[in-house]
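1. Predicted model and sequence follow; I will ask about them next.
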Amino acid sequence: IEARDENGQTPLILAARGGHEAVVQQLLAKGADIEARGKNGRTPLSWAARGGHEAVVQQLLAKGANIEARDK
């Protein structure tokens, strides 16, 4: 669940980045790290917001994503 690709992105980052609500929900239910960062320093919340995936943003915030987190 915390495997990383060549860019350091976890399944949750990729799901949030793509706006895949059901996958995000499943990963969060399994305990995925909501604050994981890829090599570029972005969190799942950052990716979802940048992609305009409002439902995913709401999911992440409801599960405790840090709204104050900054990209590195």
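-> It's in. No experiment lies behind these values; they were computed from the predicted model shown.
2. now the helices for this protein?
-> 11-18, 21-29, 44-50, 54-62 (DSSP state H).
3. could these go into TSV alongside distance to residue 4, mean neighbour count and mean pLDDT?
-> Bear in mind the C-beta positions are built from the backbone N, C-alpha and C, glycine included. Converted to TSV, the helices of the chain look like this (distance: least, CB to CB, whole Å; neighbours: other CB atoms under 10 Å; pLDDT from 0 to 100):
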stretch	distance to residue 4	mean neighbour count	mean pLDDT
helix 11-18	9	23	98
helix 21-29	14	17	98
helix 44-50	13	23	97
helix 54-62	19	17	98
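4. how about those, which one is nearest residue 35?
-> helix 44-50 (8.0 Å; CB to CB).
5. residues making contact with the closest one?
-> Applying CB atoms under 8 Å, 6 or more residues apart in numbering, the external contacts of helix 44-50 come out as 10, 12-13, 15-17, 19, 24, 34, 36, 42, 56-57, 60-61, 65-67, 69, 71.
6. From the chain's centroid, how far away is that helix?
-> 6 Å (CA atoms, centre = their mean, to the nearest Å).
7. pull the CA atoms of it into PDB?
-> The C-alpha trace of helix 44-50 is given here as PDB (Å, rounded to 0.1, in the frame of the first residue of the first chain):
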ATOM      1  CA  PRO A  44      -2.100  13.700  -2.100                       C
ATOM      2  CA  LEU A  45      -4.100  16.800  -1.100                       C
ATOM      3  CA  SER A  46      -1.900  19.100  -3.100                       C
ATOM      4  CA  TRP A  47      -2.300  16.900  -6.200                       C
ATOM      5  CA  ALA A  48      -6.000  16.600  -5.800                       C
ATOM      6  CA  ALA A  49      -6.400  20.400  -5.400                       C
ATOM      7  CA  ARG A  50      -4.100  21.100  -8.400                       C
END
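8. Grab the nearest non-local neighbour of the most centrally placed residue in the chain.
-> Closest to where the C-alpha atoms of the chain average out (CA atoms, centre = their mean) is residue 44, at 2.0 Å. Spatially, and ignoring its direct neighbours in sequence, residue 44 is nearest to residue 16 (3.7 Å; CB to CB, 6 or more residues apart in numbering).
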